[in-house]
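J.: Predicted model and sequence follow; I will ask about them next.
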Amino acid sequence: MRTFHLNLLLLLPVFCWASVSCQSKENTSDLKPIVDQVVTCKSNQQHSYQVFIPSVEKSCKNLPLLVVIDPHGDGKLAVSQFRDAAQKYSAVIVGSNLIKNNDAAYIQELEELVSDARNRFPVGETLFVGGFSGGARMSISYAANHRVDGVIACGALAQPNQIAAVNCPLMAVLGMDDFNFSEAAQFILNPLQMPANLLVEITNASHSWPEKSLLAQVFGYMQLSASNAFCIRDKEQIIKAYVDGQKNRIDSLVGEKETIKATMVARNLSHSEQFEKSCYFALLFKKLVQSETCNAQMNELLSSIKFEMKVREDYYNALLQKDSVWWKNEVDGLNSKIETEPNVYTQMAYKRIKGFLGIVCYSLCNQFLRSNDVSKLEQVLTIYRILEPANPDMLNFTEEVQHLK
C-alpha cells in the first residue's frame, strides 16, 4: 500500500456531493445517548470494528456513515481521530480492527463493514471513507469502484489516474515534511491545474494522523458543502460560523507567512458553492496565488522537491551497495542537517528524505521476507536499524529473520 511517486499527469474528474439529515443538539430527554463500543460483523466473526454514534435527536434515522482505516488495524484509534467531528456534524463513524496494510482482502472487508453498519445503525445512503497512510490508499481505491460521497486521505495520496477515477471530492491532508508529500506537491505547485475533485490541506505534521481539530474542519467541509447538508432551521448560521472561522484561519496563515497553506484553504473553499456564495474565496485564492510571497514560496518548494528527488535516487541506488559504516555516516549527517538546516524548505526536504528511506526499508524487508532471502533481508535491516532503531516494524522484521534462520 505504501508507494512513492512524483506524477506529472493531471486529469479532471467531476464533483459529487453528499447529504445529511439532522444535527446534534444540547443534551435533552429527546436525545439518544452517545455510543462508543466494539462490535463484530454478523457476516464475518473475525471482523470486529469500533463504532461511534453521536448524541442526536431520536428522530434522526439517516445519519452519514464515515468509515476510517488505520494502517495497523487500530479501529479505536482511527475512530478517536474523528470523534469530535462526528459529534459536531452528526455522523456515525466506524473503524475496522481487521483491515490493515498488506491486506489483500480489504475491498471485500470494506464492503462487509459498510453493509453491517448500515443494517445495524441509524445511517442512510451518505458514505464517506478515509484513512491514514496505507488506510488512505485503501480508501481511495475503494472509492474508485464504489459509490462514495467524499474521501479524506491523510498522509498519502494517489497517482493522477486514480484520482480521476474517484467521482467525488477527495481531500488530501499531508504535512510538508511527510515522505509522501511529493504525491501532492505536483498539484500544489500548479494549483490552477489541479484536478477539479482534489482538495489539499497542508499540515505541520510528519507522517502521522493529523490534529483532531483539523480533521473536524475537513469533515465539516465535506458535510457543509452539500446544498442540503442540514435539514434544520439554523443551517445558515452553522455555515456562516464555519466560513468566518476559515476566513480567520486564512488571515492567520497569511500573517504567519504560511502563504501556500492559506492559498490551498482558499482554493478548497472556492470549490464549494455553499462557501463561495458567503464569501468570494475564488477572488481571494486568485489574489493569494498571484502574490509575490506565494510565488517566492512556491519556488523554494520546487527547489526543495527537486533536491529531494535527486537525493532519493542516489540513496535508493546505494541501499544494497554500501556497507553499514557508510550508512551510519549518512544517517548521522541527515539527522544533523534536520536539526541545523536554517532554510525551512530544505529542512523539510531532509525530513522527507529520511522518511523515504524508512519506507523503502520497510518495503524491501517485506519483499525479501516473502522470498525468504535472508541475506538481503539482513542487509536492509541493518540500515533500517540505524535509521529507525525503535520502529516496531523493524523490530518485527528482526524477529522474522531469526525465525527464518
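T.: It's in.
J.: so residue 398 touches residue 382, yeah?
T.: No. Residue 398 is beyond contact range of residue 382, at 10.3 Å (criterion: Cβ atoms under 8 Å). For every residue, glycine as well, the C-beta is placed using N, CA and C.
J.: domains in the protein, as residue ranges please.
T.: 35-232, 304-404 (automatic domain parsing).
J.: At the geometric centre of the protein, which residue do we find?
T.: residue 154 (0.8 Å; Cα atoms, centre = their mean).
J.: Residue 171 versus that one, what's the distance?
T.: 9 Å (Cβ to Cβ, to the nearest Å).
J.: how about JSON lines for the domains of the chain, with mean pLDDT added?
T.: Below are the domains of the chain laid out as JSON lines (pLDDT from 0 to 100):
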{"stretch": "domain 35-232", "mean pLDDT": "92"}
{"stretch": "domain 304-404", "mean pLDDT": "95"}
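J.: Adding distance to residue 260, write these out as TSV.
T.: Below are the domains of the chain laid out as TSV (distance: least, Cβ to Cβ, whole Å):
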stretch	distance to residue 260
domain 35-232	7
domain 304-404	10
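J.: closest one to residue 271 among those domains?
T.: domain 35-232 (6.8 Å; Cβ to Cβ).
J.: Pull the distance from the closest one to the chain's centre.
T.: 8 Å (Cα atoms, centre = their mean, to the nearest Å).
J.: Check the secondary structure at residue 206 for me.
T.: coil (DSSP: H, G, I helix; E, B strand; the rest coil).
J.: who's in contact with it?
T.: Applying Cβ atoms under 8 Å, 6 or more residues apart in numbering, we find residue 206 in contact with 175, 177, 178, 351, 355.
J.: quick one, phi psi at it?
T.: Phi and psi for residue 206, reported as degrees, to the nearest 10, are phi -80, psi -150.
J.: Quick check: phi and psi at residue 48.
T.: According to degrees, to the nearest 10, residue 48 has phi -100, psi 160.
J.: which residues does it bridge with?
T.: Note on residue 48: beta-bridge partners residue 40, judged by DSSP bridges.
J.: what's the burial count for it?
T.: 15 (other Cβ atoms under 10 Å).
J.: That one contacts residue 98, correct?
T.: Yes. Counting by Cβ under 8 Å, residue 98 is a contact partner of residue 48 at 6.9 Å.
J.: Break down this protein into its strands, ranges please.
T.: 35-40, 48-53, 63-69, 92-96, 123-132, 150-154, 170-175, 198-203 (DSSP state E).
J.: Please tell me how far the spatially closest residue to residue 89 that is not a sequence neighbour sits from residue 215.
T.: Ranked by Cβ to Cβ, 6 or more residues apart in numbering and with sequence neighbours excluded, the top spatial neighbour of residue 89 is residue 223, at 4.6 Å. If you measure residue 223 against residue 215 using Cβ to Cβ, the figure is 12 Å.
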